[in-house]
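J.: sequence first, then the predicted structure:
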Amino acid sequence: MGIAGSVSADIVASGNANDMDSIEAAGSITSDGIAYNGAAISRLDGSFAKKGNVVTLDYVSARMANGGELGVEGTIALNESIDLSYYISAFDLSQTKAFEPDLDIAGIADIRGTISGP
């Protein structure tokens with residue numbers, strides 16, 4: 001199986017390739033259909049920016065083909081810290097088999113949370 005589908009990106013970047021902290025970038029991604037081992041995403045959208053060592057995810061959202069939505073936003077200071085908020089809404093837990101075939105989970109999940117730390 002593996003990965004199938006296509007993603008489009010619009011990215012603008014500037015800086016010195018020999019100094020990653022000097023690179024500034026911003027962009028967006030979209031897809032009208034991608035899949036990984038059978039877990040299909042019918043719509044993917046995202047927007048991000050990088051300035052210095054900080055990557056800001058304005059939003060990344062994925063609508064699953066058979067129901068449910070996932071999203072994340074926040075900042076990642078590379079090699080320093082992470083501060084993200086995420087949500088999973090009406091997600092069919094049987095789709096986790098695409099990532100770990102031995103999992104035997106069923107049901108629908110609604111989860112909100114944060115990930116933060118050094």
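T.: Right, received. Where do you want to start? Numbering: from 1, shown residues only.

J.: sticking with the residue nearest the centre of the chain, tell me its helix or strand.
T.: With distances taken as CA atoms, centre = their mean, the chain has V60 as the residue nearest its mean C-alpha position (5.3 Å). Using DSSP states H and E, the secondary-structure element containing V60 is strand 54-64.

J.: hmm, who's touching that strand?
T.: Under the contact criterion CB atoms under 8 Å, 6 or more residues apart in numbering, strand 54-64 has outside partners 29, 39-50, 69-78, 84, 91-92, 95. In this view, the C-beta of every residue, glycine as well, is placed from N, C-alpha and C.

J.: what residues sit buried inside that strand?
T.: Judged by neighbour count (16 or more other CB atoms under 10 Å), strand 54-64 contains these buried residues: V55, T56, L57, V60, S61, A62, R63, M64.

J.: among those, show me the least confident.
T.: When the buried residues of strand 54-64 are compared on pLDDT, M64 comes out least confident, at 93.

J.: which element follows the strand holding V60 toward the C-terminus?
T.: Downstream of strand 54-64, the next assigned helix or strand under DSSP H and E is strand 69-77.

J.: the very next helix or strand once past that following strand: partners in the sheet, and parallel or antiparallel?
T.: As assigned by DSSP H and E, the chain's next helix or strand after strand 69-77 is strand 81-92. Sheet pairing of strand 81-92 (DSSP bridges) gives strand 69-77 (antiparallel), strand 108-117 (antiparallel).

J.: chain center to strand 81-92: distance?
T.: 9 Å (CA atoms, centre = their mean, to the nearest Å).

J.: can you give me the angle it makes with strand 54-64?
T.: When axes from the mean of the first three to the mean of the last three CA atoms, to 10 degrees is applied, the directions of strand 81-92 and strand 54-64 differ by 0 degrees.

J.: now do the buried residues in strand 81-92.
T.: Quick answer for strand 81-92 (16+ other CB under 10 Å): I88, S89, F91, D92.

J.: and the third one, how close does it get to F99?
T.: This points to F91. Taking CB to CB, to the nearest Å as the measure, F91 falls 13 Å from F99.
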